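*Asks:* here's a sequence, model it:
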Amino acid sequence: MARAIIADDHPLFRAALKQALLETLEAPILEVASFDQLLEAIEQQPQVELVLLDLTMPGNRGLTGLTSLRSRYPDILVVIVSANEQLQTIRQAMAFGASAYIPKSMPLVELQQAVHTVLAGDIWLPEHLRDAVEAEASEQHVDFAQRLEQLTPQQFRVLECLADGLLNKQIAFELNVQETTIKQHVSAILRKLNVINRTQAGILFKQMLNASEFSDVSDV
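*Replies:* Here you go, the predicted structure:
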């Protein structure tokens with residue numbers, strides 16, 4: 001009965017994280033190397049309460065994996081573990097519902113402290129980043145994150161397709177549903193996100209992706 005899942009496509013780093021967390025969690029820890037594997041593992045282990053998520057693993061487009069998890073499994077705590085230390089990305093991740101943001105450059109002992117803090121119900125950020133992140137957190141980001149969490153998993157997938165510029169007919173083909181169903185989803189998405197058209201919805205979603213892009217940062 002796993003309590004946590006480490007989602008990262010680098011096996012050596014997963015092994016180091018797992019070793020650091022075993023003493024903290026005192027429960028089995030699963031490892032996955034892609035976002036699809038993560039979703040499968042959660043379905044098979046519904047008692048999981050914590051996910052350590054890499055931003056650049058296969059199947060995860062920046063912060064979309066985080067928002068997808070928050071939409072599908074709001075009770076699961078998500079901790080971002082990433083090589084990206086850009087303040088904008090960290091602010092966005094916290095606004096979109098991450099319980100902690102841990103740079104991969106941090107000592108593993110601090111990761112243990114972060115997990116302790118998160119499981120106790122608090123938010124964790126590195127001390128040297130906390131003030132800067134909290135000082136410039138955008139109310140707009142928080143509002144958009146809260147609205148994204150209202151989307152169903154299927155609506156979230158439709159929103160991703162809208163952001164990619166697909167038409168209703170194309171989205172229906174991609175998701176193997178009727179076009180009328182897509183029209184209903186689009187209407188619900190616009191209402192929940194409080195936007196006036198599909199273009200605006202796609203732009204807001206693209207802005208979220210752009211905030212999580214890496215400039216001159218290589219994940220390890």
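
*Asks:* Ile80 belongs to a strand?
*Replies:* Yes. Ile80 forms part of a strand when assessed by DSSP: H, G, I helix; E, B strand; the rest coil.

*Asks:* return the distance of the residue nearest the centre of the chain relative to Arg14.
*Replies:* Using CA atoms, centre = their mean, the residue of the chain that lies closest to the mean C-alpha position is Leu66, 0.9 Å off. Per CB to CB, to the nearest Å, Leu66 is found 18 Å from Arg14. Any C-beta I mention is one placed from the backbone N, CA and C, and that applies to glycine too.

*Asks:* quick check: closest non-adjacent residue to Asp8.
*Replies:* Asp54 (4.1 Å; CB to CB, 6 or more residues apart in numbering).

*Asks:* and that neighbour, its phi and psi?
*Replies:* With angles defined as degrees, to the nearest 10, Asp54 sits at phi -90, psi 140.

*Asks:* against Ile189, how distant is the most far-flung residue of the chain relative to its centre?
*Replies:* Counting by CA atoms, centre = their mean, the extreme residue of the chain relative to its mean C-alpha position is Thr180, 29.3 Å from that point. Distance, Thr180 to Ile189, by CB to CB: 15 Å.

*Asks:* what does Val51 give?
*Replies:* 25 Å.

*Asks:* cool, and Gln146?
*Replies:* Counting by CB to CB, the gap from Gln146 to Ile189 is 15 Å.

*Asks:* hey, which helix or strand in this structure has the poorest pLDDT?
*Replies:* Lowest mean confidence among the helices and strands of the chain (mean pLDDT, DSSP states H and E): helix 139-148, at a mean of 69.

*Asks:* only the buried residues of the helix or strand following that helix, if you could.
*Replies:* Next helix or strand after helix 139-148 toward the C-terminus (DSSP states H and E): helix 153-163. Neighbour counts using 16 or more other CB atoms under 10 Å place Gln155, Phe156, Arg157, Val158, Leu159, Glu160, Cys161, Leu162, Ala163 of helix 153-163 among the buried residues.

*Asks:* on the three-state scheme, the nearest residue to Tyr73 once chain neighbours are set aside is what?
*Replies:* For Tyr73, ignoring the flanking residues on the chain, the nearest one in space by CB to CB, 6+ apart is Ile42 at 6.2 Å. On the three-state scheme (three-state DSSP), Ile42 is labelled helix.

*Asks:* correct me if wrong: Ile42 contacts Val78.
*Replies:* No. Counting by CB atoms under 8 Å, Ile42 stays clear of Val78, with 11.1 Å between them.

*Asks:* common neighbours of these two, please.
*Replies:* Val51 (CB atoms under 8 Å, 6 or more residues apart in numbering).

*Asks:* surely Ala27 is within a helix?
*Replies:* No. Assessed with three-state DSSP, Ala27 is coil; it does not lie in a helix.

*Asks:* okay but it is in contact with Lys18, surely?
*Replies:* No. The pair Ala27 / Lys18 is not scored as a contact, 11.7 Å apart, by CB under 8 Å.

*Asks:* per-residue pLDDT, Ala2?
*Replies:* Note for Ala2: predicted pLDDT of 69.

*Asks:* shaky segments in this protein?
*Replies:* Within the chain, the segments meeting pLDDT under 70 span 1-2, 132-142, 207-220.
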